[in-house]
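Q: Next input, structure requested:
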Amino acid sequence: MTTRPTAVVLGAGPGLGMSIAHRFADEGYNVALVSRTAERHPAYLAELDNAEAFVGDVRAGIGATLDEITERFGIIDVAYYGPAAIEPDSIPTDITKATADAVEKAMSWVYPAIEVVGKLLPGMLERGSGGFLFAGGLSAVRPMPALGALAVSSAALRNYARTLHEGLAGTGVYAGSLIIGGLIERGDIHRMVVGQPEKYGDADGRTLDPDAIAGVAWKMFSAGDSAESVFDAL
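A: Have a look, this model is predicted:
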């Protein structure tokens with residue numbers, strides 16, 4: 001148990017996930033990093049104080065992992081939901097060719113966000129404090145046919161977060177979205193793109209600083225008034 005507040009980073013990666021972790025750690029939070037494998041956990045933990053790492057796959061059910069974090073830290077005060085909705089080297093199918101099965105698969109990244117809220121929200125409401133930050137894609141607010149089914153799930157996650165934000169008004173609990181349009185520097189997709197310019201072209205002008213996004217995320221959460229922020233380098 002601890003008297004420090006606790007932030008959970010679901011989808012801890014070298015880009016935005018770690019920037020979120022660093023920002024909340026700098027603000028005095030314990031940080032629980034969650035990713036599908038433990039391979040990179042030692043390097044992540046070497047960068048942070050008051051942090052622990054847990055293995056968990058949101059699509060396989062994240063409740064047991066959240067229970068483990070709660071047992072370790074006492075309560076969870078804020079959850080960042082940012083697991084990658086696509087493998088770095090996967091190519092989406094254009095919206096004109098998107099099938100019902102493809103949309104159902106894409107939505108498998110949305111349902112766990114609702115599971116996380118269902119697990120943590122009752123305690124937050126009882127305490128009158130806490131919050132959720134959801135990271136999604138620019139296709140949630142701008143038509144991007146090339147992203148196909150991912151555009152559908154991005155829009156669904158954004159709408160859920162906005163509606164939750166309105167539903168939580170006056171409770172002391174926050175919900176907000178980070179709408180990402182660009183290559184997150186230091187992230188896996190950014191590394192892949194810059195490593196293969198002959199395939200993906202020049203990344204200049206299409207990148208986003210994850211530390212800057214994390215700074216905005218902290219301001220959104222701490223102020224509690226903005227439903228979303230859009231980061232567009234495209």
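Q: which intervals of this structure have sub-threshold pLDDT?
A: Residues of the chain that meet the criterion pLDDT under 70 lie in 1-2, 86-90.
Q: can you give me the strands in it?
A: Here the chain has its strands, by DSSP state E, at 6-10, 30-35, 51-55, 78-81, 130-137, 173-181, 183-184, 207-208, 228-232.
Q: now what about the fourth one, what contacts it?
A: When contacts are taken as C-beta atoms under 8 Å, 6 or more residues apart in numbering, the neighbours of strand 78-81 outside the stretch itself are 5-11, 17, 20, 24, 29, 58, 112-113, 116, 120, 130-135, 217, 221. For glycine as for every other residue, the C-beta is placed from the backbone atoms N, C-alpha and C.
Q: Neighbouring strands of it in the sheet, and parallel or not?
A: strand 6-10 (parallel), strand 130-137 (parallel) (DSSP bridges).
Q: I'd like those as JSON lines, with mean neighbour count and distance to Val34 appended.
A: Conversion of the strands paired with strand 78-81 to JSON lines gives the following (neighbours: other C-beta atoms under 10 Å; distance: least, C-beta to C-beta, whole Å):
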{"stretch": "strand 6-10", "mean neighbour count": "27", "distance to Val34": "5"}
{"stretch": "strand 130-137", "mean neighbour count": "25", "distance to Val34": "14"}
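Q: could you dump the ones you listed to JSON lines with distance to Thr65?
A: What follows is the strands paired with strand 78-81, written out as JSON lines (distance: least, C-beta to C-beta, whole Å):
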{"stretch": "strand 6-10", "distance to Thr65": "9"}
{"stretch": "strand 130-137", "distance to Thr65": "16"}
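Q: can you tell me which of these comes nearest to Pro83?
A: Pro83 sits nearest to strand 6-10 of all the strands paired with strand 78-81, at 6.0 Å, using C-beta to C-beta.
Q: could you give the angle of that closest one to strand 30-35?
A: Relative orientation of strand 6-10 versus strand 30-35 (axes from the mean of the first three to the mean of the last three C-alpha atoms, to 10 degrees): 10 degrees.
Q: residue farthest from the centroid of the protein?
A: Each residue of the chain has a distance to the centre, and by C-alpha atoms, centre = their mean the biggest one is for Glu198: 29.8 Å.
Q: any idea how far Asp232 is from it?
A: Between Glu198 and Asp232 the computed distance is 26 Å (C-beta to C-beta, to the nearest Å).
Q: which residue is nearest the centroid of the chain?
A: Computing the C-alpha centroid of the chain and ranking residues by C-alpha atoms, centre = their mean puts Gly82 first, at 1.7 Å.
Q: nearest residue to that residue other than its sequence neighbours?
A: Ala135 (3.7 Å; C-beta to C-beta, 6 or more residues apart in numbering).
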